[in-house]
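J.: sequence first, then the predicted structure, then my questions.
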Amino acid sequence: STDHQRQPHMQSLKVSPELQAISDRAYMYAYGIDEAYKHLYKTLVEPDCPANRFQIIRHLADDKYTAHVSINNDTLHLMGWLDVAAEPVVVSVPDHDDDRYWVLHTMDMGHYTTTMLGKRTRGPKGGRFMFANQAWQGEVPDGITEVVRVESNFIKLMGRVMATGVEDEKKALTYVDDWNIRTLSEFLGQNGPKPKVRKFVPASGNSWLERVNFVLADGTMATADAHWLAGLEASGIGAGKTDFTPEQLAAAEISEQHVIAKLEEVLPTLTNASDALGTREQLGHADRIPFQVATYIGQWGAPPVEASYVQMIRDQNGDALDGANDYTITFVPPKVSQFWSVTAYGSKTKLMIANDLNRHSRGDRHVKPNADGTVTLRLSHDTRGKAEDSNFLPVPNENFYLLLRMYGGDEDVQAGKFPVPVVQKVSK
């Protein structure tokens with residue numbers, strides 16, 4: 001059957017409607033896992049980057065940063081992959097100054113949040129956080145602030161430390177450089193087990209079944225997700241399973257098209273992330289469609305209690321936003337304990353697009369409010385004479401969308417009740 005796996009295009013094979021329906025359900029469950037694996041492969045395996053080490057973005061991300069779609073323009077980033085297969089791993093975070101936003105956010109390969117620690121929950125106080133898989137039975141050493149049990153051996157780690165602008169970056173970096181990752185044996189100053197050696201499956205040119213089954217076998221996700229996997233066996237999905245029938249592979253290929261089409265159809269109706277981002281406790285049994293839309297629009301997003309996202313893709317007439325036009329947005333700013341910001345992205349790439357001011361976001365730390373407490377943002381691709389206007393946001397000269405990020409929003413914000421601001425097209 002390996003020959004069939006090397007034949008990616010097998011639409012000519014007749015697939016029974018029953019098998020296709022099961023395969024579609026299987027990929028709707030597996031889509032986020034598959035995307036997580038592709039990202040792991042691209043950022044860890046391909047560049048031969050070690051796990052349990054930070055990759056640091058030492059400047060505010062802008063149009064030159066292309067590795068993550070819809071990335072924020074508010075914080076410095078520490079990223080990395082924890083690998084807890086051989087032994088637990090300890091992430092140490094320093095204390096920060098009182099008003100500086102920081103967060104340690106981790107997610108497993110099922111796209112569930114496993115920790116969300118930061119200024120909102122701990123104020124400026126850091127700590128030592130130990131990540132362990134379900135099989136680990138050792139003793140927790142002194143000096144550990146919290147133990148986090150995880151279902152996948154690979155854990156995506158994202159640290160964020162606020163920088164209010166280029167000047168503040170230097171100060172923010174002094175904190176960033178004090179974050180560290182150590183295996184438990186390194187933390188204890190002892191000799192420890194060697195990291196698990198894996199034969200990674202390719203991230204493309206094969207079936208998603210091969211990739212997803214590889215992930216399901218690396219940890220306890222298959223057990224944690226048994227309720228989703230039940231009844232899907234006919235599709236070929238299953239922890240560690242590597243041989244598939246030609247029909248299973250053909251159905252799997254078609255299921256990718258079906259699921260992506262479904263996510264694209266549902267995407268415009270998902271205006272808040274409450275159904276899409278969170279922990280296994282919150283979302284482990286929730287509808288897979290909104291859950292997978294979150295991965296589709298922007299992988300590794302924070303749950304609403306920490307950050308809420310509102311997307312603006314159309315103007316007051318229902319037309320797609322286009323940099324050929326000028327726009328204004330007037331809205332009552334959201335109630336947040338941390339901060340809010342609006343960032344512009346090109347629709348094709350989902351990335352920031354270069355502009356003469358190198359300005360990609362506006363937020364509560366930039367804008368001047370109106371007398372009535374509302375805020376007006378002015379949008380145009382023409383930046384001439386606008387540098388001094390702190391409420392001006394350059395937009396790409398193409399179709400674009402805006403993401404309003406609200407960090408530490410109140411209950412209405414978290415529940416997705418914050419009204420989507422109306423983007424008004426200005427007649428030229």
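T.: Yep, that arrived.
J.: what number of residues lie near residue 421?
T.: 20 (other CB atoms under 10 Å). Heads up, the C-betas are built off the backbone N, CA and C, glycines and all.
J.: residue 380 now?
T.: 19.
J.: for residue 258, same thing?
T.: 16.
J.: give me the contacts around stretch 112-119.
T.: The contact list for stretch 112-119, computed with CB atoms under 8 Å, 6 or more residues apart in numbering, reads 93, 96, 100-108, 127, 129, 131, 146, 148, 150-151, 155, 160, 277-280, 283-284, 302-303, 305-306, 338.
J.: same thing but 7 Å
T.: The contact list for stretch 112-119 (CB atoms under 7 Å, 6 or more residues apart in numbering) reads 101-108, 129, 148, 150, 155, 277-280, 283, 302-303, 306, 338.
J.: can you show me the helices along the stretch 151-300 of the chain?
T.: Along the stretch 151-300 of the chain, the stretches classed as helices by DSSP state H, counting those that start in this stretch are 166-176, 184-188, 208-216, 221-224, 226-229, 246-266, 280-283, 288-297.
J.: return the list of helices and strands in contact with the fifth one.
T.: Other elements packing on helix 226-229 under the criterion 3 or more CB pairs under 7 Å, 6 or more residues apart in numbering; DSSP states H and E are absent; no helix or strand qualifies.
J.: if we can go back for a sec, so which of the contacts of stretch 112-119 sit within strands?
T.: 102-108, 129, 148, 150, 155, 338 (DSSP state E).
J.: if we can go back for a sec, could you export the helices of the stretch 151-300 of the chain as a markdown table, including mean pLDDT?
T.: Listed next are the helices of the stretch 151-300 of the chain as a markdown table, based on pLDDT from 0 to 100:
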| stretch | mean pLDDT |
| --- | --- |
| helix 166-176 | 92 |
| helix 184-188 | 97 |
| helix 208-216 | 98 |
| helix 221-224 | 98 |
| helix 226-229 | 98 |
| helix 246-266 | 97 |
| helix 280-283 | 94 |
| helix 288-297 | 92 |
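J.: switch the ones you listed over to TSV; also include distance to residue 273.
T.: Output for the helices of the stretch 151-300 of the chain, formatted as TSV (distance: least, CB to CB, whole Å):
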stretch	distance to residue 273
helix 166-176	26
helix 184-188	33
helix 208-216	23
helix 221-224	22
helix 226-229	20
helix 246-266	13
helix 280-283	11
helix 288-297	6
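J.: so for residue 364, which of the ones you listed sits nearest?
T.: Nearest to residue 364, of all the helices of the stretch 151-300 of the chain, is helix 166-176, at 15.1 Å by CB to CB.
J.: and the angle from that closest one to strand 102-108?
T.: Counting by axes from the mean of the first three to the mean of the last three CA atoms, to 10 degrees, helix 166-176 lies at 60 degrees to strand 102-108.
J.: which residues sit against helix 166-176?
T.: Surrounding helix 166-176, the residues in contact under the criterion CB under 7 Å, 6+ apart are 56, 58-60, 76, 78, 94, 96, 161-163.
J.: just the helices of the stretch 151-300 of the chain: most buried one?
T.: Neighbour counts (mean count of other CB atoms under 10 Å) averaged over each of the helices of the stretch 151-300 of the chain peak at helix 208-216, with a mean of 24.
J.: I appreciate the help and will end here.
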